[in-house]
Every structure is written in structure tokens, then in C-alpha cells.
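# I'll drop the sequence and a predicted model, then ask my questions.
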Amino acid sequence: MSSPNPTPTASGRPSVITDPSLEMTGKDKDIDALREAAPLIPAGTRINVTFLGNEDLGMRVKASTAAKELGYVPVPHISARRLTSEAELVEFLTALRDQVGATHAFAVGGDPSEPMGPYGASVDLITSGLLKEYGFTDISIAGYPEGHPDISDAQLWDALERKYASLQEQGLNGTILTQFGFDVDPVFAWIKEVRRRGIDLPIRIGVPGPAGIKRLLTYASRFGVATSAGIAKKYGFSITNLLGTAGPDKMIQDLDAGLTPAEGDVKLHFYTFGGTKTTAEWIKDYQAKH
Ligand SMILES: NC(=O)C1=CN([C@@H]2O[C@H](COP(=O)(O)OP(=O)(O)OC[C@H]3O[C@@H](n4cnc5c(N)ncnc54)[C@H](O)[C@@H]3O)[C@@H](O)[C@H]2O)C=CC1
Ligand SMILES: Nc1nc(=O)c2c([nH]1)NC[C@@H]1CN(c3ccc(C(=O)N[C@@H](CCC(=O)O)C(=O)O)cc3)CN21
């Protein structure tokens, strides 16, 4: 099945809404939701499986298997700081290779303020060589257009350059997946800087799927993404009425209006926050209208 092809933008580049990736947790309810949404999601779509502290290896493998069986490309997340040993990493990679046939993964640092084992940062996962050894060919890494609450910009840029260099050295494909946001201005500036540094990887800009405003604000505050007032202003809702829902329509339109072919491959990643089916419907609808 081919993915829908929205109208190219004024600058001639494909719309960022082309071939978006989606994110799910390892919980059964998310697996059920993916199955239900499957008629709306084209085969070959990347489905990311988060690495949450309240889930285990079995759940992550089960969700990745479900995604694969439905014809998608599972992108399981591997959180460096949450791994307690090299053996745990090897156990996960083995299961992903042998049970899922996974070739893609997202190597991320992880929220624990201290590493729970030998890996303090995602670059340690990549330079270990184990991802390549276990048959992974495409490694996603994180990007932060608005910075990170606990990591300095200098550290983030240094980490991105080291991850890129190691991927290049090992001949692995890569993708930069960004933290979700509500504002396109920092995204434009950040992409420019990524390219200025010679990093030519495809980029997926993280956006929240359509969701209740309260839920969006809760997640934004949990991950230190932005202030409620700032989000309301950029996203165009009133903080005196938190009952409505909001989707990333305006962000996507602004991205399409502002990007040029010079920015290279830029697509979207939808953080669904439990709303897999709603997000899939929303994407189909947006693609049909534009
Ligand atoms: N699970 C997910 O889907 C996502 C998670 N994140 C979070 O973003 C953070 C950074 O991840 P990466 O960009 O992969 O960083 P990274 O692993 O490449 O590390 C960059 C630098 O920050 C340090 N660092 C890593 N995690 C840290 C933490 N939690 N607190 C303080 N310093 C830390 C590292 O030692 C390194 O110097 C993590 O907290 C990660 O969990 C961000 C986006 C999505
Ligand atoms: N710093 C950071 N850490 C993260 O773990 C993280 C980010 N950033 N950025 C966004 C992604 C997406 N993440 C998540 C986290 C939780 C759910 C989720 O669905 N959690 C609940 C549902 C609870 C609810 O009803 O709200 C679950 O079932 O566990 C989804 C995506 C985690 N992610």
C-alpha cells in the first residue's frame, strides 16, 4: 500500500505530513488501539514503541511484534539510563532480532537523573557496536529544538555530533526524532543549525496528536517542554477553557509554509499519548484536506 501523497508545498518540497510515524506504549490497550486503527495506517509506517519505566521487556517486544505483523516498521526505543547491565541490552536486542525481526531502533538517554547501569547516554549504546552486531540498520536519535530542562545546549549539540559520527563510521542509517513542541520558530532555527553542522540525517519533528488540552498541558509539563501560557498562545487556545481538544493543524501549516528544499528531508512524528486511533483518523483527514 502506498501512503497518500498530499499536495507539494509552495516551495516545491513535499508536505511534512507525508509518511508520518506514530508512537505507542507497550501496553495491551495501545496494541488493541493499533489493531483497530490499522485500516487507517498505511503499511510501511514507522511505529515507535516507547521505553517507559512502568513497562518490561516482554511488553515492548509484544508491541513491536504486533506492529510488525500489521505490516509496519517497529521502532522500539532503548533507554540507555534505564538499562541495568550489558546483559539486559543484549537480551532486548536478541528478542527484537529473533522474535520481531526488528531492524530499526531509537537510542535515547532516558529520564533517570543517574544511570541505572553502564550506559549514561545514548551515544554509549551506539558506540558499543551491539546495535549493528544484532542486525539493526537504522538508528533514530533525539533532537531538541527547544533545548532540554536538565541538559545544556552545548552538551546536546556535542552528543548529536558524536552520535552522527558514530552512525556514519558504522555505516548505519539514522533519523533525528525531536521532542514534541508547540512552536515552529525554534524548529526552523534548530534545523538550520543541524544542517550548518553538516548533519544531513532525515529529521522527524515531534508533534502531539490531537488530544484534550488538559492532557497536552500535563504531558508538556511532565517533560519540561513549555509553559501553559506559551503553549496556549502558539497553539491558539484559551487557558481559561481547558475542556476543548487541539490538534497540530497550525503547526503543520506553518512548517510547510516555512520550510524550503534546503532543509532536506523533514517529516513528522506523532506522539499519540494513548490516542492512536484518533491520531490516525486525524492524519488521514488532514492529508485529504490539503
Ligand atoms: N522516551 C522518549 O521518547 C524521549 C525521551 N527523551 C528524554 O530526553 C533526554 C535525553 O536523551 P538524549 O537526547 O538521548 O540524550 P543523550 O543520551 O544523547 O545525552 C546527552 C547528554 O546529556 C546527558 N544526559 C542524558 N540523559 C540525561 C538526564 N536524564 N539527565 C541529565 N543528563 C542527561 C548525557 O550524559 C549526555 O552528556 C532523556 O531524559 C530522554 O529520556 C526525549 C525525547 C523523547
Ligand atoms: N523527557 C522525555 N521523556 C519521555 O519519556 C518522553 C518524552 N520526553 N517525550 C515524549 C515521549 C512520549 N512519552 C510517552 C509517555 C507516556 C505515554 C502514555 O501513554 N502513558 C500512559 C497513559 C496514561 C494516560 O492516560 O495519560 C500509560 O499508559 O503508561 C505515552 C508517551 C514519553 N516520552
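Looks like it came in fine. Numbers count the residues shown, from 1 in each chain. Ligands and ions are numbered 1, 2, ... in the order given.
# tell me which parts of this structure are close to ligand 1?
The chain comes close to ligand 1 at residues 50, 77, 80-81, 108-111, 113, 120-123, 142, 148, 150-151, 155, 159, 179, as judged by CB under 6 Å from any ligand atom. From N, CA and C alone the C-beta is placed, and that goes for glycine too.
# from those, which land in helices?
Among the residues of the chain next to ligand 1, DSSP state H puts 122-123, 155, 159 in helices.
# got these as TSV, with neighbour count and pLDDT columns?
Below are those laid out as TSV (neighbours: other CB atoms under 10 Å; pLDDT from 0 to 100):
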residue	neighbour count	pLDDT
122	25	98
123	23	98
155	12	98
159	18	98
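# from the residues you listed, which two are the most distant?
Between any two of those, the greatest separation by CB to CB is 12.2 Å, found for 122 and 155.
# between these two, which contacts overlap?
The contact sets of residue 122 and residue 155 do not overlap (CB atoms under 8 Å, 6 or more residues apart in numbering).
# let me see the mean pLDDT of stretch 132-145.
What stretch 132-145 shows for mean pLDDT is 98.
# next one: stretch 78-86
What stretch 78-86 shows for mean pLDDT is 98.
# over to stretch 99-113?
On average, stretch 99-113 scores 98.
# dump it to CSV, restricted to CA.
What follows is stretch 99-113, C-alpha atoms only, in CSV (Å, rounded to 0.1, in the frame of the first residue of the first chain):
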residue,chain,number,x,y,z
GLN,A,99,11.2,-12.6,17.8
VAL,A,100,10.3,-9.4,15.9
GLY,A,101,12.9,-9.2,13.1
ALA,A,102,13.4,-5.5,14.1
THR,A,103,16.0,-3.5,12.1
HIS,A,104,15.1,-0.1,13.5
ALA,A,105,15.6,1.4,17.0
PHE,A,106,15.5,4.7,18.8
ALA,A,107,18.5,5.1,21.1
VAL,A,108,17.7,7.7,23.8
GLY,A,109,19.3,8.8,27.1
GLY,A,110,16.4,8.2,29.5
ASP,A,111,15.0,10.3,32.3
PRO,A,112,16.7,8.8,35.4
SER,A,113,18.9,11.5,36.8
